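K.L.:
Mind looking at a prediction? Sequence and model below.
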Amino acid sequence: MTTPTHDDAEYDAPPALGTVLVDGRGSLPFALIHGEALVACAAWALGEAGVLPIDDGVEWSAVVATGEPLVVHDPLCPMTPPEFVAACVRRAVEDGSVVVGVRPVTDTVTVVADGIVGETVDRDALVSVAAPVVLPASVVAALDGLPSHDLVELVAALRRDHPVELVEAPPGARRVGSVDDVRLLEALTAGGRRPPGPPGT
């Protein structure tokens, strides 16, 4: 796993399309963080990174025809910084690999077999899929569509036939799974760059 280097003020990623996936995520993408819906924050990050957001209903053939990479973003990682998204796009284009934002695993993980608790797994060997997942144009052209809207399943499917590079995402890119997680992420990112609020705020 590597960490991309970039100038925080430099978002100049190559042209790319992007989609924010909400299917299968219940109502949580519409919870508010810093006064904005999670899904709106994720879409804002794409736009700020220079990625053209598209609706996930766009025909896959039309996406392939553009010859551009595709950035798959998850609203459950709403505060992923635009500069990190841009850095992942640059790396995917330069290396021709699928680039996946991941976070280190901090929880203790143990093996359970037949109801018996076994060894503790070395956390240094584990990561948690965050966002984005960037598919270079060559991978987009090789697919008939996204194999899954679940990012973990998507990455697993892509790894079977394509090179995948894991890059460590910043702490603000952590995934949320509940409203309590959203409040924690809101506190964590209180001093950082945030999407603009509604007009007049």
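P.N.:
Noted; the coordinates are in hand.

K.L.:
Now Val140: closest residue in space that isn't a chain neighbour?
P.N.:
Nearest non-adjacent residue to Val140, counting by Cβ to Cβ, 6 or more residues apart in numbering: Leu70, 5.2 Å away. Glycine gets a C-beta too; all of them are placed from N, C-alpha and C.

K.L.:
what's around that neighbour, how many residues?
P.N.:
26 (other Cβ atoms under 10 Å).

K.L.:
Now do it, the pLDDT please.
P.N.:
At Leu70, the pLDDT value in this model is 98.

K.L.:
got the contact list for the longest strand anywhere in the chain?
P.N.:
Longest strand in the chain by number of residues (criterion: DSSP state E): strand 127-135. Strand 127-135 is contacted by residues 1, 16, 18, 42, 69-74, 76-77, 80, 85, 88-89, 91-92, 98-105, 143, 151-152, 154-155, 158, 166, 168-169, 173-175 when judged by Cβ atoms under 8 Å, 6 or more residues apart in numbering.

K.L.:
Okay, and the beta partners of the residue nearest to Val140?
P.N.:
Leu17, Leu135 (DSSP bridges).

K.L.:
So in the protein, where's the weakest helix or strand by average pLDDT?
P.N.:
Ranked by mean pLDDT, DSSP states H and E, the weakest helix or strand in the chain is strand 110-113, scoring a mean of 47.

K.L.:
And the strands in this protein?
P.N.:
16-20, 32-33, 36-37, 51-53, 70-73, 98-104, 110-113, 116-120, 127-135, 164-168.

K.L.:
how far does the longest one sit from the chain's center?
P.N.:
So that's strand 127-135. 4 Å (Cα atoms, centre = their mean, to the nearest Å).

K.L.:
next one: the last one
P.N.:
Mean-position distance between strand 164-168 and its chain equals 11 Å (Cα atoms, centre = their mean).

K.L.:
Okay, angle between it and strand 98-104 too, please.
P.N.:
Angle, strand 164-168 to strand 98-104, by axes from the mean of the first three to the mean of the last three Cα atoms, to 10 degrees: 40 degrees.

K.L.:
helices or strands up against strand 164-168?
P.N.:
Identification of packing neighbours for strand 164-168 by 3 or more Cβ pairs under 8 Å, 6 or more residues apart in numbering; DSSP states H and E yields helix 82-95, strand 98-104.

K.L.:
residues in contact with Lys184?
P.N.:
Lys isn't right for residue 184; it's Leu. Val176.

K.L.:
Mind pulling up the pLDDT for the closest residue to Arg25 other than its chain neighbours?
P.N.:
Residue nearest to Arg25 in three dimensions, not counting chain neighbours: Leu76, with 6.1 Å by Cβ to Cβ, 6+ apart. Note on Leu76: pLDDT of 97.

K.L.:
quick one: contacts for Leu76?
P.N.:
Contacts of Leu76 by Cβ under 8 Å, 6+ apart are 25, 28-29, 38, 131, 175-177.
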